[in-house]
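*Asks:* for reference, the sequence and a predicted model appear below.
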Amino acid sequence: NSARSCGTPIQIMRTTDFETLKKLQNLASDADPTSSIDFTRNQQRLYELIESAAKRRASDIHLKIDQEAAHLYLTIKGDFIYLNDMQREEADSLMIAAFNACKTGDKQYNPLKFRATRLDNSPDFVLPRGVQSLRLQFSPLDNAGRELVARLLYMSGDDDLKDVDSLGYEPPQIDALHIMRRQAYGIILISGPTGSGKSTTLKTALERTWLERKGRAKLVSIEDPPEFAIRGCSQLPIESGANLEEKAEAFTRAMSATLRMAPHIIMVGEIREAIAAKLTFDAAKTGHLVWTSVHANTALDTINRLADMHVRRVDLEDPKLMRGLIAQRLVKIVCPHCSLPFRDAVSRNVVDLHGGTDRRAEDPGVDPWLIDFYKGLGPALTGNIRLARNNGCEHCRDSEGKSTGHIGRRVIAETVVPTDSLLKAAVSGHVADARAEWLAPPGAFTMLEHGLFRVLSGEVDPRDLTYAGDVTRDIDVARIGALIELLTQDRGGRR
């Protein structure tokens, strides 16, 4: 079995005595490519890499090995940033050190095998301050390459239980979330791509629910693996599986255990497969309020994703079961100290965005189609737009002294409290009708409209919003004036 797991083909099987097996095992140990590695030295280098990434508040470390060399990247505030190259052998040693520091079912590192695992604080490997754990994905690549992606999970440094407004949700959205949170049963789904902050929103919503119910509601989560410590919640890790069948069995066992723990509220970290969708909906139909996440582009697209996972139509059309739909992204906030007025930049009346001080900007780095769109809105709407200066200033430096012109990230989101007619329209494929019903009442707006409001308020560089959607195609310009008035009044009235 060990030979098969390492990719060695088995052609002939014979019975033999124990002594012969022991000699073969010793020979295999001597041939182990990891046996000559100095793990103490490599673990120290691994620690330093994690520490450096954490100081820059990176969300991911990417270590990629190809035929010629290895390449190191970080994901910082959503940007994929190249750091440096290194020798293949050096990168492979780091991967082996990371693998051996994890509590995994495999005893031997295999570069030809997919493996998802987790690196936790332990006596054998102490993580840098502020880092709770790392979620690791080892993946083989073509031409004998391989890649390690390590997601850094940070400890919460705040003892106060905050609400979702601290993440960037607007007052009308918070009202919708309050409606969702007070339900006794049903399912609430948060959608978005990897790195959109879904786990943080789930944690915040659950902790706030626990606080609002004065600790009298039992919370249980099922996660693969747990990303954050959630106050008031019993967190069940799902056992790692080598294939879909093993993962399905592990999820089934975890859900059965959860239901036997008599929870009021259940959180499922993410729905990926049909069996997880079925069991999650079954839990929501048996007197539990269930929070979960799914990968989908928009809140309404979540319904189609669930249909793809064979959730029954009668369940998708039931507003007493489908309690809430949320979609979100994270956008970078420009530094208020060094950002530049959009109007001046595009008319070439300012220094260049790359940080120069002696010459005029020949190209502000804004695509012409984007300039045309915002100019078309008129000066009354665009007077507050700001562009991030690429090299930043002393106010937007990270702990390593690097500046990018941004001071953090905030949520842009959309929230839907479904009605019977909205769900029936969406499930029947009449998405435009469902969208029109959702956006008809005052206070409803799309995720991209939320992002546009942040741009027009001077919080977000218009170039950064392009990663969340195309304003030239997906924005109804006729709605912008009323949207700005609504959100400006709400923000001012609730401060």
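*Replies:* Nice, thanks for sending it over.

*Asks:* which non-adjacent residue is nearest residue 173?
*Replies:* With CB to CB, 6 or more residues apart in numbering as the criterion, residue 173 has its nearest non-adjacent residue at 4.6 Å, and that residue is residue 415. (C-beta placed from N, C-alpha, C; glycine too.)

*Asks:* quickly find the element holding the one you found.
*Replies:* strand 406-416 (DSSP states H and E).

*Asks:* which strands and helices sit next to that strand?
*Replies:* helix 171-181, strand 322-334, helix 447-456 (3 or more CB pairs under 8 Å, 6 or more residues apart in numbering; DSSP states H and E).

*Asks:* how far off centre is the last one?
*Replies:* Its chain's C-alpha centre and that of helix 447-456 lie 20 Å apart, by CA atoms, centre = their mean, to the nearest Å.

*Asks:* and if you look at the first one?
*Replies:* Centroid separation for helix 171-181 versus its chain: 22 Å, with CA atoms, centre = their mean.

*Asks:* and for that helix, what are the contacting residues?
*Replies:* 163-165, 169, 188, 205, 208-209, 212, 323-324, 326, 413-417, 443-445, 486-487, 490-491, 493-494 (CB atoms under 8 Å, 6 or more residues apart in numbering).

*Asks:* thinking again about what came up before, of the helices and strands packed on strand 406-416, which is nearest residue 425?
*Replies:* Checking these against residue 425 by CB to CB gives strand 322-334 as the closest, at 13.0 Å.

*Asks:* give me the angle between the strand holding residue 415 and helix 447-456.
*Replies:* In terms of direction (axes from the mean of the first three to the mean of the last three CA atoms, to 10 degrees), strand 406-416 departs from helix 447-456 by 140 degrees.

*Asks:* after strand 406-416, next one along is what?
*Replies:* helix 420-427.

*Asks:* so which bits of whichever helix or strand comes after that next one are buried?
*Replies:* Sequence-wise, the next helix or strand downstream of helix 420-427 (DSSP H and E) is helix 431-439. Neighbour counts over helix 431-439 (16 or more other CB atoms under 10 Å) mark 431, 434, 435, 437, 438, 439 as buried.

*Asks:* I'd like the distance between the fifth one and residue 297.
*Replies:* If I follow you right, that is residue 438. 15 Å (CB to CB, to the nearest Å).

*Asks:* now the terminal residues of stretch 113-132, how far apart.
*Replies:* Terminal residues of stretch 113-132 are spaced 26 Å apart (CA to CA, to the nearest Å).

*Asks:* in the stretch 101-250 of the chain, which spans are helices?
*Replies:* Using DSSP state H, counting those that start in this stretch, the helices of the stretch 101-250 of the chain run over residues 171-181, 198-212, 244-260.

*Asks:* return the most buried member of the ones you listed.
*Replies:* By mean neighbour count, with neighbours taken as mean count of other CB atoms under 10 Å, helix 198-212 ranks first of the helices of the stretch 101-250 of the chain at a mean of 21.

*Asks:* quick one: contacts of it?
*Replies:* Contacts to helix 198-212, defined as CB under 8 Å, 6+ apart, come from residues 161-164, 166-167, 177, 181-182, 190-192, 217, 219, 221, 227-228, 230-233, 265, 267, 269-270, 291, 293, 326, 328, 411.

*Asks:* can I get the helices and strands packed on strand 406-416 in TSV with mean pLDDT?
*Replies:* Below are the helices and strands packed on strand 406-416 laid out as TSV (pLDDT from 0 to 100):
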stretch	mean pLDDT
helix 171-181	94
strand 322-334	96
helix 447-456	96
